[in-house]
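J.: build me a model from this:
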Amino acid sequence: ITACATMIGIAIIVALGGMSTSLIGMMDSVTKRSLGSDYLFMPPSVAVWNSDVGAGPEFTRRLQAIPGVGDISTFRFASSMVGSQAVSLLGINPATFPKVSGVNFQQGNDSAYQVLSSGRNTIVNGAFLQSTKTRVGDSVNLLTPTGVESYEIVAQGTDLLNAKITTAFISQANMAMDFGKTEDIFIQMNLKPGVKTAGVDSQIKTVAADYPQFTLYTGKAYIDQMLQLVNMVFVGMYFLLAFLALPSLIAMLNTLAISVIERTREIGMLRAVGATRQQVSRMITAEALLLAAVGTAFGLLSGLYLGYVFVKALGAMFPVNYSLPYVGIILAIAFGLGFGALAAIIPTRQASRLQVVEALRYE
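T.: Numbering: from 1, shown residues only. Presented below is the predicted three-dimensional model:
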């Protein structure tokens, strides 16, 4: 029971270590790729785009007219169906989208953007492939206001905002032709090389003030905020781990204390034939470390397996690779053996202070 309690704590440490190393690295990469532009014009609702009020092309034309403004990329939204599965469609400009933002490809590469410009083609995320039971290279029938149109899946890619939603990216030309949508619901903008935000910030805010449906952010500030939230989540999980690990310490302490009581006469006999207090103390400590080592060994194996399974499951939606948590393994070993040594303190003192005569008389 004691070894199992220790094993649970160790498994959680290693699993969290493997997950946090991989997920934080993934979040950093995906966030910077998806939201790494100089400016973001965010609507009130992200991913659930149909509740947002967009803006016409005049907004981006006014932004483009500001001296120092470079490339601008926008999302346009339409709802569709593939069979009975609801799908979110995002219209992008294949020429400017990769210059300002982008998706993290799991199948395909940046050449897929240009393919969107030729015919009815689409880039889909992992949620789309899973929910529609399709693969890259298949054709899917998208329901449009004028009927069903066939689109070919040319790549699989994920962006941060739509990772959990069944999403397909098509060209804005196809979005206008098949769905009649020309409103921009999310805008990203870069400045020209060498231009500082301080020089154009006031002009950008003046234009943005006429479109209160958007909230203006700088890309760096928004990314820092997102990564801070991710780190806070993992900090909370580690605090939860500390709370869950406490029972293993209590269980080990209780087991060792009972063991000392049950072997009182045995310890008295050892003392009677010449065993010193230090030898008795080392015996109890060794027993505690052995129990902790068993739990630590099984916990390491369980934690590595759980972390690997969780990360691979997330790999269906995000481009994330498993990273062996070397730091987590070292911390787990130190945690497990440290708990064993800590739990042995009171029973060790109890055993070493037994009086020989009283111990031999103990029933």
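J.: okay, helices next: where are they in this protein?
T.: Shown for the chain, the helices assigned by DSSP state H span residues 2-35, 57-64, 97-100, 111-116, 126-132, 172-174, 197-208, 219-262, 264-272, 277-314, 326-343, 345-352, 356-361.
J.: nearest residue to Phe128 in space, please, no chain neighbours.
T.: In this structure, Phe128 finds its nearest non-sequential neighbour in Thr166, 4.9 Å apart by Cβ to Cβ, 6 or more residues apart in numbering. To be clear about C-beta, it is placed using only N, CA and C from the backbone, and glycine gets the same treatment.
J.: run a quick neighbour tally on Ser352.
T.: 19 (other Cβ atoms under 10 Å).
J.: quick one: the residue nearest to Phe128 from Leu160, how far?
T.: According to Cβ to Cβ, to the nearest Å, Thr166 stands 16 Å off from Leu160.
J.: repeat for Ile204
T.: For Ile204 relative to Leu160 (Cβ to Cβ), the value is 23 Å.
J.: tell me the bridge partners for Tyr39.
T.: Bridge pairing for Tyr39 (DSSP bridges) gives the partners Met189, Thr218.
J.: need the per-residue pLDDT for it.
T.: Note for Tyr39: predicted pLDDT of 92.
J.: so who does it touch?
T.: Residues counted as contacts of Tyr39 (Cβ atoms under 8 Å, 6 or more residues apart in numbering) are 188-191, 204, 216-219.
J.: what do you get if the cut-off is 7 Å, keeping everything else the same?
T.: 189, 204, 216, 218-219 (Cβ atoms under 7 Å, 6 or more residues apart in numbering).
J.: tally up the residues packed near Leu129, please.
T.: Based on other Cβ under 10 Å, the number of other residues close to Leu129 is 20.
J.: I'd like the numbering to begin with 141 instead of 1 from here.
T.: In the new count, where the first residue is 141, that last one comes out as Leu269.
J.: is it in contact with Gly297, as I believe?
T.: No. Contact criterion Cβ atoms under 7 Å: Leu269 and Gly297 do not qualify, at 11.0 Å.
J.: lowest mean pLDDT across the helices of the chain, which one is that?
T.: Of all the helices of the chain, mean pLDDT reaches its minimum on helix 142-175 (a mean of 59).
J.: local confidence estimate at the closest residue to Val288 other than its chain neighbours?
T.: Spatial nearest neighbour of Val288, chain neighbours left out: Asn281 (4.7 Å); criterion: Cβ to Cβ, 6+ apart. For Asn281, the pLDDT comes out at 95.
J.: same question for the one 3 residues further on.
T.: Reading off the confidence values, Thr284 has pLDDT 95.
J.: give me the neighbour count for the residue lying closest to it once chain neighbours are set aside.
T.: Spatially, and ignoring its direct neighbours in sequence, Thr284 is nearest to Asp318 (4.5 Å; Cβ to Cβ, 6+ apart). Close neighbours of Asp318, defined as other Cβ under 10 Å, add up to 22.
J.: correct me if wrong: Pro183 contacts Asp192.
T.: Yes. With contact defined as Cβ under 7 Å, Pro183 reaches Asp192; the gap is 3.8 Å.
J.: what sits in contact with each of these two?
T.: Common neighbours of Pro183 and Asp192, using Cβ under 7 Å, 6+ apart, are 325, 353.
J.: hmm, back to that, what's around the residue nearest to Val288, how many residues?
T.: Neighbour tally, Asn281, other Cβ under 10 Å: 14.
J.: which strand in this structure has the most residues?
T.: Taking DSSP state E as the criterion, the chain has its longest strand at strand 209-222.
J.: next, the angle helix 197-204 makes with that strand.
T.: For strand 209-222 against helix 197-204, the angle by axes from the mean of the first three to the mean of the last three Cα atoms, to 10 degrees is 150 degrees.
J.: relative to strand 209-222, what are the paired strands and their orientations?
T.: Here strand 209-222 is paired, per DSSP bridges, with strand 225-232 (antiparallel), strand 326-331 (antiparallel).
J.: quick one: distance of the longest one to the chain centre.
T.: Relative to the chain's own centre, strand 225-232 is displaced by 24 Å; criterion: Cα atoms, centre = their mean, to the nearest Å.
J.: now for Gln328: which residues touch it?
T.: Gln328 touches 177, 180, 213, 240-241, counting by Cβ under 7 Å, 6+ apart.
J.: thinking again about what came up before, residues near the residue nearest to Phe268, how many?
T.: For Thr306, the count of nearby residues is 20 (other Cβ under 10 Å).
J.: give me phi/psi at it?
T.: With angles defined as degrees, to the nearest 10, Thr306 sits at phi -70, psi 100.
J.: follow-up on the earlier one: deepest of the helices of the chain, which one?
T.: Neighbour counts (mean count of other Cβ atoms under 10 Å) averaged over each of the helices of the chain peak at helix 142-175, with a mean of 22.
J.: give me the neighbour count for the closest residue to Ala428 other than its chain neighbours.
T.: Using Cβ to Cβ, 6+ apart and skipping residues adjacent in sequence, the residue nearest Ala428 is Ala484, 3.6 Å away. By other Cβ under 10 Å, 25 other residues sit near Ala484.
J.: for Ala484, grab phi and psi.
T.: Note on Ala484: backbone dihedrals following degrees, to the nearest 10 are phi -80, psi -10.
J.: distance-wise, check it relative to Phe268.
T.: For Ala484 relative to Phe268 (Cβ to Cβ), the value is 55 Å.
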